[in-house]
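**Q** My questions are about this predicted structure, shown below with the sequence.
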Amino acid sequence: MVIRQSPYGSSLARAAVDLSLAMGAFEQHFDLLFMGAGVLQLLPDQDSAGIGLKSIGKVLSSLPLYDVERVYVDADALLRHGINADQLVLPVQALDTLALQELLNSADQLVSC
Amino acid sequence: MLTQSAFDKEGFLRDLDAWSPAVAEQLAAAEGISLSAAHWEILYLLRDYYQRYDASPAMRPLVKYCARELGPEKGKSLYLLSLFPGSPARIGCKIAGLPKPENCL
Amino acid sequence: MIYTLLVLSSPTSGHGARTAYRFAQAALARGHDIERIFFLDEGTTAGSQAAVYPQDEESRLQPWIELATHHGVELVLCISSALKRGILDAGEAERYEKPAATAHPAFVISGLGQLIDASAKADRLMTFAR
């Protein structure tokens, strides 16, 4: 499952998170990968109440309860956005380009939102 | 005691801010449940979950969350089923005054 | 080959939705199977029977109806995406006390489990994005 949308720029961001929760609830074994602007979803302390939306960061932090524990991020995207991998709403593993390609190649199916 | 118009056709509270412990008793009675301390423990846990994660839990995360917060004895689907027969996450959320599930899960 | 299709793209913006039904038509013509087509997010507006498209443009609803009626392809709209866009079947309209059912009967409104189930049964999951 690849998430590429910034958190509040489009409704697809939340739809992708809901799909990840559903996959967890249905006991699917999958890897979750945040790429590009998608890494912005993982920044803590974003207050979405001002724009009348629920917090994506809070929902993401419930993923471990859905047994979604293999969460990866694109290391280049973190660097580009100046984000530190250990200050996010979820424990993640940062992958360089090569590892990222390997991960994508290892999947039977890909959903990219 | 709220009037019938405070609830929708399926018995969910229309205005979530109108929730109070007394309203929970009323919601529970409509489900044929009389609330004990054990029920209240789960109801407040559900409200706490909602505050923390901005979402109502599906069954599996609810069980896991109960296990984490209340210990392994209560973190079992059988225990939750004994309190809220049928579908504990859905009925529990309804009585706890959380939003109607979007039926996605 | 068994395909499951995921449509994220709106029928009124971009080409994803049109590419999706053309892909489905082509796959069926070549003897492949479509397990299910699931519509998520903006994609769900494809199921609206209330949308009016210009007479002199290709219909954006009819190809889906044909896939469902002539080929028995299951078309499923994500319930949470569909509801917030005003796409309701008779049951949901009744449930939420809304005046009309707006989903075309060729489509079914259901949960994300339908996508997960269909991907598990398919050899390939194709996403048609924005």
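**A** Looks like it came in fine.

**Q** Quick check: residues of chain A near chain C?
**A** Within chain A, the positions adjacent to chain C are A:11-12, A:15, A:18-19, A:22-23, A:26, A:28, A:109-113 by CB under 8 Å from any CB of the partner chain. (Glycine included, C-beta is placed from N, CA and C.)

**Q** What's the PyMOL syntax to select whichever of those are buried?
**A** In PyMOL, a selection of the buried entries from these looks like this (16 or more other CB atoms under 10 Å in any protein chain shown):
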select buried, chain A and resi 11+12+15+18+19+22+23+26+111+112+113
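
**Q** List the contacts of residue C:38.
**A** C:4, C:5, C:6, C:7, C:76, C:78, C:114, C:115, C:118 (CB atoms under 8 Å, 6 or more residues apart in numbering or on different chains).

**Q** Just give the nearest non-adjacent residue to the residue in chain B that chain C sits nearest to, would you?
**A** Across chain B, no residue is closer to chain C than residue B:102, which sits at 3.8 Å (CB to the nearest CB). Leaving aside its chain neighbours, residue B:102 sits nearest to residue C:80 (3.8 Å; criterion: CB to CB, 6 or more residues apart in numbering or on different chains).

**Q** Mind listing what's buried along stretch B:62-71?
**A** Going by neighbour count (16+ other CB under 10 Å), the buried part of stretch B:62-71 is B:62, B:63, B:64, B:65, B:66, B:67.

**Q** helices and strands around the strand or helix carrying residue C:81, which ones?
**A** When elements are assigned from DSSP states H and E, residue C:81 belongs to helix C:79-84. When contacts are defined as 3 or more CB pairs under 8 Å, 6 or more residues apart in numbering or on different chains; DSSP states H and E, helix C:79-84 packs onto helix A:11-25, strand C:107-110.

**Q** between the ones you listed, which gets nearest to chain B?
**A** Among those, helix A:11-25 comes nearest to chain B, with 4.3 Å by CB to the nearest CB.

**Q** picking that back up, ok, the residue nearest to residue B:102 - how many residues close by?
**A** Neighbour count of residue C:80, defined by other CB atoms under 10 Å in any protein chain shown: 22.

**Q** Now do the SS call for the residue nearest the centre of chain B.
**A** A centroid search over chain B (CA atoms, centre = their mean) returns residue B:92, at 2.0 Å, as the residue closest to the centre. Under DSSP: H, G, I helix; E, B strand; the rest coil, residue B:92 falls in the helix class.

**Q** export the residues of chain A next to chain C to CSV and tack on pLDDT?
**A** Putting the residues of chain A next to chain C into CSV (pLDDT from 0 to 100) gives the following:
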residue, pLDDT
A:11, 94
A:12, 95
A:15, 94
A:18, 94
A:19, 95
A:22, 94
A:23, 95
A:26, 93
A:28, 93
A:109, 94
A:110, 95
A:111, 95
A:112, 92
A:113, 91
